[in-house]
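A.B. asks: build me a model from this:
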Amino acid sequence: MNYRQIVGVLLAAAFILSAVGQPPDGPEAGPRGRRNAERAAAETKKDAAPAAKDKDKEPKDELIETTNSVTINGAAVKYKATTGTIVIKDEEGKALVTFFFIAYTSLDATNVAERPLTFSFNGGPGSASLWLHLGVLGPRRVFLKPDGGLPPPPFRLVNNEESLLDQTDLVFIDPVSTGFTRTVPGEDPSKYHGVDQDLRSVGDFIRLYTTRYNRWLSPKFLIGESYGTTRASGLAGYLEDRYGMYLNGIALVSAVLDFSTISFNVGNDLPYIFFLPTYTATAWFHNKLPSDLQNADLSKALSESETFALGRYTLALEKGANLPSAERASILTNLARLTGLSEDYIDRDNLRVRASQFFKELLRKEHLTVGRYDSRVTGEDRDSVGETPEYDPSYSTALGPFAATFNDYVRRELKFESDLPYEVLTGKVQPWDYSMARNRYLDIAENLREAMTHNPYLKVFVANGHYDLATPYLATRYTFDHMGLPPNLRGNVSMGYYEAGHMMYLNTPSRVALKQDLAKFIQSSVPAK
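C.D. replies: I've put the predicted structure just below:
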């Protein structure tokens, strides 16, 4: 099994881990998962063991500053890039973590204290921040084909016309054990690998950066993707409660706050309901729907699928074994109509098709699988009769270009040198500690509700991809509809939808639209002078 497949297995499990245990197809299932877990554990143990020669070395900040410019909307934006590590210490002065970050600060701003400041990170858990950084927000962007497809190597960066640097200063954070961020010798990395532990360490970095660079009075934002949306929502409360730091806004890219909505576990029917419209979108894209839906705009198919999912399908699943045979037959017919799968297959799945099965089944006759991150992308497995795919072709499209260009960019342009491997997506953070949600699914939505209630000026923008089969848009909508926000705060939440996948910024039209939406969100969240 190659490295890309191992990373794919980790990635496929990362978003569906819950406090009640991993699903049957999680990373600990089967020999491949066990080998990978053993390897990650061994590497983590190795990293935690201090070398004798380093025992007396006191970790120090290592920061490099460079200047450059980016052209956005035809205008040059000059900026300073600060790249490197800050040592996080406890109150007794003991060094704990060397936190790696890259910050971009506009040199054109007349009053830095009044300029918005945005902290950004990705998810996993175990992912570094390069995806949002080099995909949409930063001054340089990975060059991909216009539809987000993989270009031939070697890969390259280009000027990012859609950078958010014209609206806000940017700080990209790599959580502990990702990127170049490491615990100091002798400090156990596993102490930082968990829901609450992660919030504390990332929150402490944000507090320290804000203090060091005199940004307490700047309007402040968080932008997280995937599990990064879980982190961002939790940080809103942590920063308020621990440091009295109130945010202006949080942007959630492909959100997951309530893990019960995406965890395909026995007895939990919610994911089957919320994934259905994304199955429909995928089938529509691959020409697998009946002609009346296939020949119409996607919105028609999605509307019918949402209505059915939240109505008759939900009621049918709730009836369980008491579902009348005639009603069951009608449900089967509608599911086949809206998914492109056969009635026989859905019947044998007891009306419940997991996403991992759908990846494989939709295009089985063509010997193709569909992507998890972006279901428009297809791949080929050696075995076309298996139940689940060997890898996620939509992740493979992004991994090579992002990894290569970041490793070159950080040394060549940003002048930061390290012989450590830049951990793009690592298993070293596993097992992730969900004990704060013991005996239930992790649900960070309540943390966000409390933060918005305490700070009624806090606004939230959510970006959703119609072809995202990792964090489907209907699950996100359900989560926010059930947050319990008071009527006067519901207007603080807005959503955007894109004809793309989980990383909707990989293809040009969606990246342009996302930049416009983020710019409007920041402008609307900063009070007028």
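
A.B. asks: hey, let's count contacts and neighbours off CA atoms from now on
C.D. replies: OK.

A.B. asks: helix or strand for the residue sitting furthest away from the middle of the chain, which one?
C.D. replies: What lies farthest from the middle of the chain is residue 326; by C-alpha atoms, centre = their mean that is 41.2 Å. Under the criterion of DSSP states H and E, residue 326 resides in helix 325-339.

A.B. asks: return the helix or strand following that helix as PDB; C-alpha atoms alone will do.
C.D. replies: Scanning forward in sequence from helix 325-339 by DSSP H and E, the next helix or strand is helix 343-348. What follows is helix 343-348, C-alpha atoms only, in PDB (Å, rounded to 0.1, in the frame of the first residue of the first chain):
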ATOM      1  CA  GLU A 343     -33.900  -0.500  -6.400                       C
ATOM      2  CA  ASP A 344     -32.500  -4.000  -5.800                       C
ATOM      3  CA  TYR A 345     -29.200  -2.500  -4.400                       C
ATOM      4  CA  ILE A 346     -31.100  -0.100  -2.200                       C
ATOM      5  CA  ASP A 347     -33.500  -2.800  -1.000                       C
ATOM      6  CA  ARG A 348     -30.500  -5.000   0.000                       C
END
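
A.B. asks: avg pLDDT for helix 343-348?
C.D. replies: In this model, helix 343-348 carries a mean pLDDT of 97.

A.B. asks: and what of stretch 479-488?
C.D. replies: 96.

A.B. asks: and that stretch, which residues are buried?
C.D. replies: Residues 479-480, 483, 485 are the ones in stretch 479-488 that count as buried (16 or more other C-alpha atoms under 10 Å).

A.B. asks: how about stretch 496-509?
C.D. replies: For stretch 496-509, by 16+ other C-alpha under 10 Å, it's 498-509.

A.B. asks: same deal with stretch 231-241?
C.D. replies: 231-239.

A.B. asks: contacting residues around that stretch?
C.D. replies: The contact list for stretch 231-241 (C-alpha atoms under 8 Å, 6 or more residues apart in numbering) reads 123, 195, 198-200, 203, 207, 222-224, 245-247, 250, 252, 257, 444-445, 447-448, 450-451.

A.B. asks: at 7 Å what do you get?
C.D. replies: 199, 203, 222, 224, 245-247, 444, 447-448, 451 (C-alpha atoms under 7 Å, 6 or more residues apart in numbering).

A.B. asks: what residues are up against the closest residue to residue 370 other than its chain neighbours?
C.D. replies: Once flanking residues are discounted, residue 370 sits nearest to residue 378: 4.5 Å by C-alpha to C-alpha, 6 or more residues apart in numbering. Counting by C-alpha under 7 Å, 6+ apart, residue 378 makes contact with 368-371, 393.

A.B. asks: kindly indicate which of those lies nearest residue 438.
C.D. replies: Distance to residue 438, by C-alpha to C-alpha, is smallest for residue 371 among these, at 31.6 Å.

A.B. asks: what residues sit buried inside stretch 147-161?
C.D. replies: Using 16+ other C-alpha under 10 Å as the test for burial, stretch 147-161 gives 148, 150-151, 155-157, 159-161.

A.B. asks: tell me the mean pLDDT over that stretch?
C.D. replies: For stretch 147-161, the per-residue pLDDT averages 95.

A.B. asks: starting at the chain centroid, how far to that stretch?
C.D. replies: Centroid separation between stretch 147-161 and its chain, computed with C-alpha atoms, centre = their mean, to the nearest Å, is 21 Å.

A.B. asks: before we move on, what about stretch 428-438?
C.D. replies: 17 Å.

A.B. asks: list the buried ones in that stretch?
C.D. replies: Neighbour-count burial for stretch 428-438 flags 428-434, 437 (criterion: 16+ other C-alpha under 10 Å).

A.B. asks: before we move on, what about stretch 251-269?
C.D. replies: By 16+ other C-alpha under 10 Å, the buried positions in stretch 251-269 come out as 251-265, 269.

A.B. asks: so residue 333 touches residue 345, yeah?
C.D. replies: No: judged on C-alpha atoms under 7 Å, residue 333 makes no contact with residue 345 at a distance of 11.6 Å.

A.B. asks: tell me which residue is most central in this structure.
C.D. replies: residue 226 (2.0 Å).

A.B. asks: of the contacts of stretch 231-241, which is the nearest to residue 317?
C.D. replies: Of all the contacts of stretch 231-241, residue 317 sits closest to residue 444, with 25.9 Å by C-alpha to C-alpha.

A.B. asks: and the closest one, how many neighbours does it have?
C.D. replies: Applying other C-alpha atoms under 10 Å, we find 21 residues neighbouring residue 444.
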